[in-house]
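Novice: Fold the following.
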Amino acid sequence: MRRHPYWVPMITVLIAGAALAGCALPRADEPVVAEPEDVTAQPSEPAVPAVPPEIDTETVSVELGEEATAGPWMLLVREAEFEDSFGDLSASNGGTLLKLEMRLANSSADDLMVTPTDFTLSDGTTSALPMTGVPELTPERAVPAGGSAELTAVFSISPAQAEAPLDLVFQPAEGGAVSIAVDIR
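Specialist: Numbering: from 1, shown residues only. Sure thing, here's the model as predicted:
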């Protein structure tokens with residue numbers, strides 16, 4: 001007795017099923033015709049824009065030593081000091097450090113938290129976050145409702161940025177969409 005390969009019965013069932021269902025595969029010389037779409041069909045939900053509308057950000061720019069107010073925040077950068085080290089933080093690869101002494105006030109009815117990621121130092125092409133690891137030199141505080149906090153931030157500046165204009169940009173995660181830029185030099 002001769003045995004058929006296991007796939008022969010499967011192919012037979014598929015061909016028989018297609019024939020019974022009225023399906024037929026087109027021959028190589030027959031064109032394939034697709035059924036037209038129903039153009040009268042309406043979507044069940046309104047279309048959602050692919051890109052959400054931009055958030056209006058209140059933007060303020062000031063010079064070192066000037067107060068800036070945006071949303072519930074008032075920021076004053078009182079002092080900018082360039083050195084090779086501050087506490088346990090040291091400059092590397094021929095760079096220098098910039099230490100900023102600031103006062104941040106919160107005029108809202110809620111305590112608002114600021115973290116190092118709310119502050120960036122920009123030279124126009126690159127930006128950097130403050131160095132962390134030393135609590136008294138890290139700008140992370142809860143600013144009480146109607147109160148203020150004294151903050152210090154230290155940034156590492158590369159030799160390529162030694163003479164570049166520098167701006168501190170404060171964009172807090174809490175307290176509304178605001179951006180405060182302070183021209184350091």
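Novice: Every contact and neighbour count from this point should use C-alpha atoms.
Specialist: Will do.
Novice: Is residue 113 bridged to anything, and to what?
Specialist: residue 142 (DSSP bridges).
Novice: nearest spatial neighbour of residue 173, skipping sequence neighbours?
Specialist: The shortest distance from residue 173 to any non-neighbouring residue, by Cα to Cα, 6 or more residues apart in numbering, is to residue 118 (6.6 Å).
Novice: And residue 76, by the same measure?
Specialist: residue 67 (4.6 Å).
Novice: likewise residue 166?
Specialist: Nearest to residue 166 is residue 123, by Cα to Cα, 6+ apart, at 4.7 Å.
Novice: can you check residue 120 too?
Specialist: That would be residue 129: by Cα to Cα, 6+ apart, it lies 4.8 Å from residue 120.
Novice: Share the number of residues neighbouring that neighbour, please.
Specialist: Other residues within reach of residue 129, judged by other Cα atoms under 10 Å, total 18.
Novice: same deal with residue 135?
Specialist: 11.
Novice: Would you mind measuring from it to residue 88?
Specialist: Counting by Cα to Cα, to the nearest Å, the gap from residue 135 to residue 88 is 11 Å.
Novice: on that earlier part again, show the pLDDT at the residue nearest to residue 120.
Specialist: Per-residue pLDDT puts residue 129 at 96.
Novice: With residue 8 instead?
Specialist: So, for residue 8, pLDDT stands at 50.
Novice: before we move on, what about residue 162?
Specialist: pLDDT at residue 162 comes out at 83.
Novice: again, but for the one 3 residues further on
Specialist: Residue-level confidence at residue 165 comes out at 96, pLDDT.
Novice: who's in contact with the spatially closest residue to residue 63 that is not a sequence neighbour?
Specialist: Sequence neighbours aside, residue 183 is the residue nearest to residue 63 in space, at 4.8 Å (criterion: Cα to Cα, 6+ apart). Contacts of residue 183 were listed using Cα atoms under 8 Å, 6 or more residues apart in numbering, and they are 61, 62, 63, 64, 165, 166, 167, 168.
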